[in-house]
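> build me a model:
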Amino acid sequence: MHHHNNCQCKHDSGHYHDKDGRCRKCKKFCRKFECCLEENRGATPSAWTRQQADQIRITSENAAPIIEEPFEDTAPDLWVWDTWPLREKDGSIAVLPGGWRVIFSLTAPRSVLPGKRHDIATIRYFYSRDGQDWIPGGVVFPEGDALGSRQWAGSAFVENGEIFFFYTATGRRNEAQVTYEQRMAFAKGEIFSDLNGVLFNNWEEHSIILVPDGEFYQTQEQSSGGIIYSFRDPWYWIDPESGCEYIIFEGNTATPQQPVERECNPENIGDGDYRSGNDVPNGSANFNGNVGIALLRSSDYREWELLPPILEADCVNQQLERPHIVYIGGRYHLFIVSHQFTFAPGLDGPDGLYGFVANDFRGNYVPLGEGGLVVANPPEEPFQAYSWIVLPDLSTLSFINYYNLDGVSLDQLPSLPDQFVFNRFGGTLAPTLQLSISGTDTQIVNELAQGLVMESSTEGAPFTPRCEQGGKCGNGHRSRMDNMDEDTETEEDMMNNGMSDDGMYGGCGRGGHGGHGKRRRDVVCECEVDRNGNVCTHCNRPRCRRN
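Below is the predicted model:
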């Protein structure tokens, strides 16, 4: 087993740990870690409030078309549900040698009742040249390698012929009874891709990289109520404005109090007028979903630092599943999926894709669309699809869930004949939807082919080549430190730094407008060209260096 470039940063003890003797490289990496830690210092979660969620409405802009039969089975012998693409590190869709695009899916044999599939979920992969006709590649991990009794959703990226894979390890290997413990795991392997197909091989040992801390994120022991707790769905993401590397995941806000003692905080309910006119039903405080983040702290991707959530839905919703961010037009678009039954008492939202937007990675995030609703199942088919994921071009994947139920609720399914359930579960990729976003307005503009993944790029690192060696670089990197000696930046300063009306920067370096803290101005920058010929901007500041 080899772990190269393994730099672990010990910010609390002030030294660097370098297993391979690459002290200089580790110090560079750890300066980046310390800078990214500063980027998050003092940040508090944005709140999805009851007042906002009360605005959720299904409209012609967010209602998905009814999925018509017949539809194709992605894998005739398998149920296929939560799906994600192999990406480049910057988030764009990877195209491997041979012209292959790759998706990963949670799968289970079609002989298993759909409701039991989560208990035996296995990650498999599919590859395609046209992003539509998917060839089954088999299981991703050799038998016995993956952690947990089964694996739930995650993410993966490719770099230099290697695959970096994050997933949810649910339960424990060889457990006598199915449990719902959730931990986040990582594995790295090699990719073999040519005209004949795609293989993954030479996997290194799998590692548990994140467990709930009981401070920011609820542990299984702290959880209560009928809906299982959440600590899952790790989504790797690199912030194009800072270069900081994160895992974004689904969690629950840690609540040490006993359930009967929990109360909803005013900031989770709404403004004074709303609070005075709307009672919060009993039990709402047990609904405490959030979107968590962790910061990379070792160069081998096996050490991460839990940070406060970026979004919380306390007293609103229990599950903010499969969170992910799409960076477009200098703004951060955060998406989650959620169920009708996970909304707190007194609130009503459909199974759907929900979204939020902010000018800064740490927020403040405000709901997109109607109270956050971006894609809703149509009222005629309220459970026809689920687990939407938005790609960089705003095309949106999902899977076909339960359809043609004729008014039967999901709670009734276990009491109905097995064949009725088998006949009404899709277990295959749904038609891809194309979204458009303008400010906080969203719209479904097209229904595309089933499971279509197009070649799409992500908005690149937001730097321009107009800086010279040793020149001044306005706004090279931002800090959350409140004790900076620079004067507060004014609107005129922003214009001088090259920001246009739409928030895009034209200067050397950039920080999203409307962010926390104060921007550093007149920072001396170095310019160099990376291996792809792109100009990189490094802000030469001891406490905050962009690598």
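> for residue 264, phi and psi?
Torsion angles at residue 264 (phi, psi; degrees, to the nearest 10) stand at phi -90, psi 130.
> can you give me the domain assignment for this protein?
According to automatic domain parsing, the chain comprises the domains 1-41, 46-450, 461-547.
> would you single out the least confident of these?
Ranked by mean pLDDT, the domains of the chain bottom out at domain 461-547, with a mean of 32.
> which of the domains of the chain sits most buried?
Greatest average neighbour count among the domains of the chain goes to domain 46-450 (a mean of 19), per mean count of other C-beta atoms under 10 Å. Where C-beta positions appear, they are placed from N, C-alpha and C, glycine not excepted.
> can you give me the separation between residue 189 and residue 233?
21 Å (C-beta to C-beta, to the nearest Å).
> now do the strands in the stretch 51-200 of the chain.
78-85, 87-88, 101-109, 122-128, 135-139, 150-159, 162-170, 182-194, 197-201 (DSSP state E, counting those that start in this stretch).
> any chance of those strands in JSON lines, plus distance to residue 68?
Shown next, in JSON lines, are these (distance: least, C-beta to C-beta, whole Å):
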{"stretch": "strand 78-85", "distance to residue 68": "19"}
{"stretch": "strand 87-88", "distance to residue 68": "31"}
{"stretch": "strand 101-109", "distance to residue 68": "22"}
{"stretch": "strand 122-128", "distance to residue 68": "23"}
{"stretch": "strand 135-139", "distance to residue 68": "25"}
{"stretch": "strand 150-159", "distance to residue 68": "27"}
{"stretch": "strand 162-170", "distance to residue 68": "33"}
{"stretch": "strand 182-194", "distance to residue 68": "35"}
{"stretch": "strand 197-201", "distance to residue 68": "32"}
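> so residue 321 touches residue 352, yeah?
No: using C-beta atoms under 8 Å, residue 321 makes no contact with residue 352, being 11.2 Å away.
> next, show the common contact partners of the two.
Both residue 321 and residue 352 are in contact with 337-338, where contact means C-beta atoms under 8 Å, 6 or more residues apart in numbering.
> nearest spatial neighbour of the most centrally placed residue in the chain, chain-adjacent residues omitted?
In the chain, the C-alpha nearest the mean C-alpha coordinate belongs to residue 324, at 2.4 Å (C-alpha atoms, centre = their mean). Spatial nearest neighbour of residue 324, chain neighbours left out: residue 235 (4.7 Å); criterion: C-beta to C-beta, 6 or more residues apart in numbering.
> which element, helix or strand, includes that neighbour?
Following DSSP states H and E, one finds residue 235 within strand 232-238.
> any idea which helix or strand comes after that strand?
Downstream of strand 232-238 (by DSSP H and E), the next one is strand 245-252.
> elements contacting that next one?
The helices and strands touching strand 245-252, judged by 3 or more C-beta pairs under 8 Å, 6 or more residues apart in numbering; DSSP states H and E, are strand 207-210, strand 232-238, strand 288-296, strand 304-314, strand 321-328.
> repeat that for 6 Å
strand 232-238, strand 288-296, strand 321-328 (3 or more C-beta pairs under 6 Å, 6 or more residues apart in numbering; DSSP states H and E).
> show me how far the second one is from its chain's centre.
A distance of 9 Å separates the C-alpha centroid of strand 288-296 from that of its chain, computed with C-alpha atoms, centre = their mean, to the nearest Å.
> so it versus strand 304-314, what angle?
160 degrees (axes from the mean of the first three to the mean of the last three C-alpha atoms, to 10 degrees).
> with the last one instead?
Comparing the axes of strand 321-328 and strand 304-314 via the same axes, to 10 degrees yields an angle of 100 degrees.
> how about the first one?
If you take the same axes, to 10 degrees, strand 232-238 sits at 110 degrees to strand 304-314.
> from the chain's centre, how far out does strand 232-238 sit?
Counting by C-alpha atoms, centre = their mean, strand 232-238 comes out at 5 Å from the chain centroid.
> what comes into contact with that strand?
Strand 232-238 is touched from outside by 152-155, 157, 166, 168, 182, 184, 245-250, 322, 324-325, with contacts defined as C-beta atoms under 6 Å, 6 or more residues apart in numbering.
> partner strands of that strand, with direction?
Using DSSP bridges, the strands paired with strand 232-238 are strand 245-252 (antiparallel).
> for the second one, same thing?
Using DSSP bridges, strand 288-296 pairs in its sheet with strand 245-252 (antiparallel), strand 304-314 (antiparallel).
> and the contacts of stretch 151-170?
Under C-beta under 6 Å, 6+ apart, the answer for stretch 151-170 is 82, 84, 86-87, 89, 94, 121, 123, 147-148, 150, 182-183, 185-191, 200, 232-236, 301, 322.
> CA atoms of that stretch as CSV?
Only the C-alpha atoms of stretch 151-170 are listed here, as CSV (Å, rounded to 0.1, in the frame of the first residue of the first chain):
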residue,chain,number,x,y,z
GLN,A,151,-22.8,1.6,0.3
TRP,A,152,-24.9,4.7,-0.3
ALA,A,153,-24.4,7.7,-2.5
GLY,A,154,-21.2,9.7,-2.9
SER,A,155,-19.0,11.3,-5.6
ALA,A,156,-15.9,10.7,-7.7
PHE,A,157,-13.3,12.7,-9.7
VAL,A,158,-10.4,11.7,-11.9
GLU,A,159,-6.9,13.2,-11.9
ASN,A,160,-3.8,11.9,-13.7
GLY,A,161,-5.4,8.6,-14.5
GLU,A,162,-6.5,7.9,-10.9
ILE,A,163,-10.0,7.9,-9.5
PHE,A,164,-10.7,9.5,-6.1
PHE,A,165,-13.9,8.0,-4.8
PHE,A,166,-16.1,9.1,-1.8
TYR,A,167,-19.1,7.2,-0.6
THR,A,168,-21.3,6.5,2.4
ALA,A,169,-20.4,3.4,4.4
THR,A,170,-23.7,2.4,6.0
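> can you start the count at 50 instead of 1 from here on
All set: I'll call the first residue 50, so the last point we hit is now stretch 200-219.
> would residue 449 count as being in a helix?
No: counting by DSSP: H, G, I helix; E, B strand; the rest coil, residue 449 is located in no helix; its state is strand.
> residue contacts, it?
Residues in contact with residue 449 (C-beta under 6 Å, 6+ apart) are 434, 475, 477, 479.
> name the nearest residue to it, sequence neighbours excluded.
Excluding the flanking residues, the one nearest residue 449 by C-beta to C-beta, 6+ apart is residue 475, at 2.6 Å.
> element containing that neighbour?
If you go by DSSP H and E, residue 475 is part of strand 474-478.
> what packs against that strand?
Secondary-structure packing of strand 474-478 (3+ C-beta pairs under 6 Å, 6+ apart): strand 127-134, strand 444-451.
> turn those strands into a markdown table, including distance to residue 321.
What follows is the helices and strands packed on strand 474-478, written out as a markdown table (distance: least, C-beta to C-beta, whole Å):
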| stretch | distance to residue 321 |
| --- | --- |
| strand 127-134 | 40 |
| strand 444-451 | 37 |
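> so which of the ones you listed comes closest to residue 388?
Smallest distance to residue 388 across those (C-beta to C-beta): 10.2 Å, for strand 444-451.
> and that closest one, how far from the chain's centre?
Here strand 444-451 is found 17 Å from its chain centre; the criterion is C-alpha atoms, centre = their mean.
> tell me the bridge partners for the residue lying closest to residue 205 once chain neighbours are set aside.
Leaving aside its chain neighbours, residue 205 sits nearest to residue 214 (4.6 Å; criterion: C-beta to C-beta, 6+ apart). Note on residue 214: beta-bridge partners by DSSP bridges are residue 205, residue 236.
> next one: residue 214 from residue 255, what distance?
Distance from residue 214 to residue 255, by C-beta to C-beta: 9 Å.
> alright, calling it a day.
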